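# Here's my sequence, what's the structure:
(one chain, ligands or ions: 1)
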Amino acid sequence: MTNALVELKAHLGEVADLSAAAAVLEWDQLTYMPRGGAEARAQASATLAGLTHEKLISQRTGDLLEAAAGETSTSDSDSDEARLVRVTRREYDRQRRVPTSWVGEFTRVSSIATTTWEKAKPASDFALFRPHLERIVAMRREYVEFFAPYDSIYDPLLDGFEPGMKTAEVTAVFSVLRPALVDLVHKIAERAGAVDDRCLQGDFDEARQWDFGVQVLKRIGYDFDRGRQDRSAHPFTTSFSPDDVRITTRFHRDLVASALMSTVHEGGHALYEQGIAPALARSPLANGASHGMHESQSRMWENLIGRSRSFWKVFYPQFQRTFGEFAKVPLETFYRALNKVTPSLIRVEADEVTYNLHIMLRFELELALLQGDLAVKDLPGVWNQKMNDYLGVLPPDDAQGVLQDVHWSGGSMGYFPTYSLGNVISVQLLNTALAQSPSLASDLDRGEYGSLLGWLRENIHRHGAKFESPELLRRITGEALTPQPYIQYLKTKFGEIYGF
Ligand code: ZN
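Below is the predicted model of the structure:
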């Protein structure tokens, strides 16, 4: 390797170390930190974020990038080195538009907002959270101006999660998805009695839920020597390196499948991070291609695999032994219950069909907040109105309405659409994997998940962030992002369950 490249890698390694340290602090904040630590942690996180940003946008990064670009100008454009220069250049140009002082202040503001949200949510106290959210929206509006001119005010935010994607593309995908989903929801509503999910409700020991989840994680390939699981209010995955990828979960004693499915979801994220090639560690390439691509992995394991009949043919006997309540519940009853479609209040508990309507609602509200068409004080009312319009359910309080998600408190706006993009991508990918590997379907039927994981590692995980999501998807499937396969998947699966 040439000199400038070696120096660039060492320099970016230090930036990555600072980011990893910040991620450890955030993980601790969301798992073990006592509430009293909030102010001090906000300050420490703000300092680290500022240092990281300063180092990334420094003149030294710019000089090394330029020299390294010269050295790699004749390399294979798909090589790690050429891609490192390209991806770093993109991030460098983006971050240089944002003042370091803004980054530090935003980190401090959102850290305190998260701690406040953790108090406000159980108390259903939007008034407590409101000034923090107002500050976050105001700062996000400042942020987008660093990127002016833009086509949509949402573009600079979306770009942070889906590099290279435009808001207009999201709108186009949603405009195809929405009528198809609404049609499905109506068809299912006419046959609502066809599925009974009462077997999933009861009182289920948390330790047993934990143990069963861990067994499933091991079976799908999550490596506990390079990861661990803890509890948090809102489940998440974080990576300090491909060799230390952690997940969290939370339990509902009254719902047997809730923690399990969320564990499998986070497990899907973690498999992605653990599968990134070691050579990419400590660099901007040691990330997923995009949040949508990341969600495609979590949602593939959670829904396409974890809610499939073949998955439960494998795991149900063990599940019945763990939870004696199911000794007399037939597999088919359980499978249908697990896939029951009901308009409901909580996004993370939503079924596969209504889930995307929760996302579209948030996307529209974020856009309205950013455009100044909606004031934060009016947000709970508009949220409830839209829930009623889209899903026919009315939140009885803000805890089950506008306060349910952690994202806004952490400063994330522009993130929600990536969940639905992940759903769409997951089906495109699995269809391709099944077409390319004739034995995959029977492997899945036997609970042999190594062949799917191997395919995902080879085609997606090992590349990290080398390729932007649209390019990666096209390389693998030969297609651009398209909602049709996902719609077809939903129609087939739920048409069979509901009999239409
Ligand atoms: Zn996720």
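
# what's the distance between Y449 and D443?
Going from Y449 to D443 by C-beta to C-beta, to the nearest Å gives 8 Å. The C-beta positions use only the backbone N, C-alpha and C, and glycine is treated the same way.

# let me fix that: L338
22 Å.

# repeat for G221
13 Å.

# Check the contact lists of those two and give me the overlap.
Shared contacts of G221 and D443 (C-beta atoms under 8 Å, 6 or more residues apart in numbering): 449-450.

# who's more crowded, Y449 and D443?
Y449 (20 against 16; other C-beta atoms under 10 Å).

# Next, the more buried one: phi, psi?
Y449 adopts backbone torsions of phi -90, psi -10, taken as degrees, to the nearest 10.

# Summarise which helices and strands the strand or helix carrying L260 is packed against.
In the assignment (DSSP states H and E), L260 maps to helix 258-274. In terms of contacts (3 or more C-beta pairs under 8 Å, 6 or more residues apart in numbering; DSSP states H and E), helix 258-274 is packed against helix 206-220, strand 237-241, strand 244-249, helix 291-299, helix 450-459.

# So which of the ones you listed is nearest P485?
Nearest to P485, of all the helices and strands packed on helix 258-274, is helix 291-299, at 12.1 Å by C-beta to C-beta.

# if I read this right, D80 contacts L285, doesn't it?
Yes - proximity of D80 to L285 meets the contact threshold set by C-beta atoms under 8 Å, at 7.0 Å.

# Mutual contacts of those two, please.
K466.

# For those two, indicate the residue with more neighbours.
L285 (24 against 21).

# Can you check my assumption that the more buried one lies in a strand?
No - counting by DSSP: H, G, I helix; E, B strand; the rest coil, L285 falls outside a strand, being coil.

# so what's it closest to, chain neighbours aside?
Closest residue to L285 in three dimensions, ignoring its sequence neighbours and counting by C-beta to C-beta, 6 or more residues apart in numbering: G464, at 4.4 Å.

# Please apply the same query to V329.
Using C-beta to C-beta, 6+ apart, the nearest residue to V329 is C199, at 5.0 Å.

# With A192 instead?
Nearest one to A192, counting by C-beta to C-beta, 6+ apart, is T342 at 7.5 Å.

# Show me the shaky parts of the protein.
Counting by pLDDT under 70, the chain shows low-confidence ranges at 1.

# Mind listing what's buried along the top helix by length along it?
Of all segments of type helix in the chain, defined using DSSP state H, the longest is helix 3-31. Residues of helix 3-31 classed as buried: 4-5, 8-9, 11-12, 15-16, 18-23, 25-27, 29-30 (neighbour count, 16 or more other C-beta atoms under 10 Å).

# contacting residues around the residue lying closest to V382 once chain neighbours are set aside?
Nearest residue to V382, sequence neighbours excluded (C-beta to C-beta, 6+ apart): L374, at 6.1 Å. With contact set as C-beta under 8 Å, 6+ apart, L374 has these partners: 365, 368, 382.

# Give me the distance between the most centrally placed residue in the chain and Y272.
Against the mean C-alpha coordinate of the chain, by C-alpha atoms, centre = their mean, the closest residue is E295 at 4.7 Å. The spacing between E295 and Y272, counted by C-beta to C-beta, is 10 Å.

# Would you confirm that L472 belongs to a helix?
Yes - using three-state DSSP, the assignment for L472 is a helix.

# I'd say it and H461 touch.
No - between L472 and H461 there is no contact under C-beta under 8 Å: 10.9 Å.

# circling back: now the helices and strands packed on helix 258-274 as JSON lines including distance to T322?
Putting these into JSON lines (distance: least, C-beta to C-beta, whole Å) gives the following:
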{"stretch": "helix 206-220", "distance to T322": "5"}
{"stretch": "strand 237-241", "distance to T322": "24"}
{"stretch": "strand 244-249", "distance to T322": "16"}
{"stretch": "helix 291-299", "distance to T322": "23"}
{"stretch": "helix 450-459", "distance to T322": "24"}
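
# Y489: which of those is closest?
Nearest to Y489, of these and by C-beta to C-beta, is helix 291-299 at 11.5 Å.

# which of the helices and strands packed on helix 258-274 is buried the deepest?
Scoring those by mean neighbour count under mean count of other C-beta atoms under 10 Å gives helix 291-299 as the most buried, with a mean of 26.

# now the residue nearest to V214 when sequence neighbours are not counted, which residues is it bridged with?
Nearest non-adjacent residue to V214, counting by C-beta to C-beta, 6+ apart: Q229, 6.9 Å away. Listed by DSSP bridges, the beta-bridge partners for Q229 are I247.

# How many residues are close by Q229?
The local packing of Q229 (other C-beta under 10 Å) involves 19 other residues.

# residue contacts, it?
213-214, 217, 246-249, 263.

# Packing partners of the strand or helix carrying T116?
Taking DSSP H and E as the definition, one finds T116 inside helix 100-123. If you count contacts as 3+ C-beta pairs under 8 Å, 6+ apart, helix 100-123 packs onto helix 3-31, helix 38-56, helix 126-145.
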